[in-house]
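Engineer: Could you look at this predicted model? Sequence included:
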Amino acid sequence: MNKKVIIFSAPSGSGKSTVVNHLLTKFDNLEFSISATSRAPRGHEQNGREYYFLSEEEFRRRVAANEFVEYEEVYAGSFYGTLKSEMERIWSNGNIILFDVDVKGGINLKKLLGDQALSVFIKAPSIRELRRRLELRGTDSPEAIEARVVKARSEVRYASKFDVVLINDDLATCLREAEECVAEFIARPKKKVALFFGTFNPMHTGHLEILRYLKEHTEADEVRVVVSPQNPMKQKNYSKSARLKNVKAAIARSGLDVKVSDVEYHLQEPLYTINTLRYLREKEPTCHHIMVIGADNLTILSRWYRYQELIDEFEIWVYPRKGVDAPALCEEHNSRSAIKGIRLLEGRLHNISSTEIRNAELTGKDMSAWKA
């Protein structure tokens, strides 16, 4: 499911609603997210169309029940917020959510959703022009207009927190620019994230070479080291906190632009790779997750938990290991895979492993040169 969202925010009177309504006519896969509010309807507004109109008491009750993704008390006693159920409704329709929210709500949603969201701030060319538009709208008293102008002066200072800032001076130009940035975001491919799994006990120079290869010679947009606290196919090892610390220190010393993930430290044991990949796919829907393993793992891959589902759902990159006929094994597993997603990397063979380092140290051999 493509769980993208597009957020439009602006001071009142900047033309945000005009832009949002225009976009809904141009993109069939956009669906407007109806916010909830505790204010009374204005003009011809209807419940369930412009807003879900709730009493202040009902709004507060739903806040207490954790039913909102975000909410703000924009004015005293006047709440606005996004219901979780509304987001899930739109995503279940297979559509991209289009938000029309206040500035604080837009910042909160972007912070929560990250790369999953495009946030756009719309500005009037000046506060003077904004005041004129509010007066022409004819829906507010002079006192209310003054309050909105004061608030707008504060809100424009947050424009830099948005991905895109559009100045609504000429409406036709603003609409065209809004169409262009939305079309680009919708067409944007998923970010490719290479996940190098391992217990890294210890992390060694061979690991760093693999990470360097992934950064310099593949199309991965991001590379992560996923430290596994326990491999279910190995004897228990309880040095997991020390190992995570050591991996972070090794990556910091290497200078590589690589992230260290402790995601498996927060998942229920026993840990299985497919469960971790599915968890990340759910949490990061704008990412394409790729598992990176050594060719030696191909010899036992069919024994992994939910093996068939793993090779049918996820791309796998394989780096060579000595003594393993990697090309033949990749071909064999691809013959069973629905997506044929197992790819052999062209990096050189690595002649060291964590197991070899540990075994050598037991005999008193100095292996410090191999450690990362």
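Structural biologist: Perfect, I can see it now.

Engineer: elements contacting the one helix or strand Leu310 maps to?
Structural biologist: Assigned by DSSP states H and E, Leu310 falls within helix 307-313. With contacts defined as 3 or more C-beta pairs under 8 Å, 6 or more residues apart in numbering; DSSP states H and E, the packing partners of helix 307-313 are helix 273-283. (Each C-beta comes from the backbone N, C-alpha and C, glycine too.)

Engineer: what sits up against the helix or strand just after the helix it packs on?
Structural biologist: Using DSSP H and E, the helix or strand that follows helix 273-283 in sequence is strand 287-294. Contact partners of strand 287-294, identified using C-beta atoms under 8 Å, 6 or more residues apart in numbering, comprise 115, 189-197, 210, 214, 220, 222, 273, 277, 280-281, 301, 314-319, 321.

Engineer: Now do strand 287-294 against helix 273-283, angle only.
Structural biologist: Orientation check (axes from the mean of the first three to the mean of the last three C-alpha atoms, to 10 degrees): strand 287-294 against helix 273-283 gives 160 degrees.

Engineer: pLDDT (mean, whole number) over strand 287-294?
Structural biologist: Over the span of strand 287-294, the pLDDT mean works out to 94.

Engineer: Return the distance of it from the chain's centre.
Structural biologist: With C-alpha atoms, centre = their mean, to the nearest Å as the basis, strand 287-294 stands 16 Å off its chain's centre.

Engineer: Direction included, what does the next helix or strand after the helix holding Leu310 pair up with?
Structural biologist: Downstream of helix 307-313, the next assigned helix or strand under DSSP H and E is strand 315-319. Strand pairing for strand 315-319, using DSSP bridges, gives strand 287-294 (parallel), strand 342-344 (parallel).

Engineer: Relative to Leu171, which of the ones you listed is closest?
Structural biologist: Taking C-beta to C-beta, strand 287-294 is the member of those nearest to Leu171, at 36.1 Å.

Engineer: counting contacts, what elements does the longest helix along the chain pack onto?
Structural biologist: Counting by DSSP state H, the longest helix found in the chain is helix 171-187. Packing partners of helix 171-187 (3+ C-beta pairs under 8 Å, 6+ apart): helix 16-26, strand 117-123, strand 164-167.

Engineer: Of all the residues in the helix or strand following the longest one, which ones are buried?
Structural biologist: Tracing the chain past helix 16-26, the next element assigned as helix or strand by DSSP H and E is strand 30-32. If you call a residue buried by 16 or more other C-beta atoms under 10 Å, then strand 30-32 has these buried ones: 30-32.

Engineer: Helices of the stretch 1-150 of the chain, start to end?
Structural biologist: With DSSP state H, counting those that start in this stretch, the ranges of helices along the stretch 1-150 of the chain come out as 16-26, 56-64, 84-92, 103-113, 127-137, 142-155.

Engineer: Quick check: which of those helices is buried the most?
Structural biologist: Highest mean neighbour count among the helices of the stretch 1-150 of the chain (mean count of other C-beta atoms under 10 Å): helix 103-113, with a mean of 20.

Engineer: Just the buried residues of the helix holding Leu310, please?
Structural biologist: For helix 307-313, using 16+ other C-beta under 10 Å, the buried residues are 310-311, 313.

Engineer: quick check, nearest of those residues to Asn201?
Structural biologist: Nearest to Asn201 among these is Leu310, at 23.1 Å by C-beta to C-beta.

Engineer: My read is that that closest one contacts Thr276, right?
Structural biologist: No: Leu310 lies out of contact with Thr276 (C-beta atoms under 8 Å); the separation is 10.7 Å.

Engineer: Including distance to Ser9 and pLDDT, could the buried residues of strand 30-32 go into a markdown table?
Structural biologist: Shown next, in a markdown table, are those (distance: C-beta to C-beta, whole Å; pLDDT from 0 to 100):
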| residue | distance to Ser9 | pLDDT |
| --- | --- | --- |
| Leu30 | 16 | 96 |
| Glu31 | 18 | 96 |
| Phe32 | 14 | 94 |
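
Engineer: What separation do you get for Phe200 and Ser12?
Structural biologist: 53 Å (C-beta to C-beta, to the nearest Å).

Engineer: What of Gln46?
Structural biologist: To Ser12, Gln46 is 20 Å away according to C-beta to C-beta.

Engineer: For these two, indicate the residue with more neighbours.
Structural biologist: Shown here are Gln46 and Ser12; by other C-beta atoms under 10 Å, Ser12 has more neighbours (23 against 9).

Engineer: end-to-end on stretch 315-324?
Structural biologist: Across stretch 315-324, the terminal residues are separated by 20 Å (C-alpha to C-alpha, to the nearest Å).

Engineer: what residues does that stretch touch?
Structural biologist: Residues contacting stretch 315-324 (C-beta under 8 Å, 6+ apart): 194, 210, 213-214, 218, 288-299, 326, 329-330, 333, 339, 341-345, 347-351.

Engineer: Can you flag the buried ones in those residues?
Structural biologist: Here, 16+ other C-beta under 10 Å leaves 194, 210, 213-214, 218, 288-298, 326, 329-330, 333, 341-342, 344-345, 347, 350 buried among the contacts of stretch 315-324.

Engineer: Next one: Ile90 from Gly43, what distance?
Structural biologist: When distance is defined by C-beta to C-beta, Ile90 is 25 Å away from Gly43.

Engineer: which residues does the closest residue to Phe162 other than its chain neighbours contact?
Structural biologist: Among residues not flanking Phe162 along the chain, Phe121 sits closest, at 3.9 Å (C-beta to C-beta, 6 or more residues apart in numbering). Each residue near Phe121 by C-beta under 8 Å, 6+ apart is listed here: 9-10, 103, 106, 158-159, 161-162, 164-166.

Engineer: out of these, which is most surrounded?
Structural biologist: When neighbours are taken as other C-beta under 10 Å, the top entry among these is Ala10 (30 neighbours).

Engineer: pretty sure it contacts Leu130?
Structural biologist: No: in this structure Ala10 lies outside contact range of Leu130 using C-beta under 8 Å: 9.5 Å.
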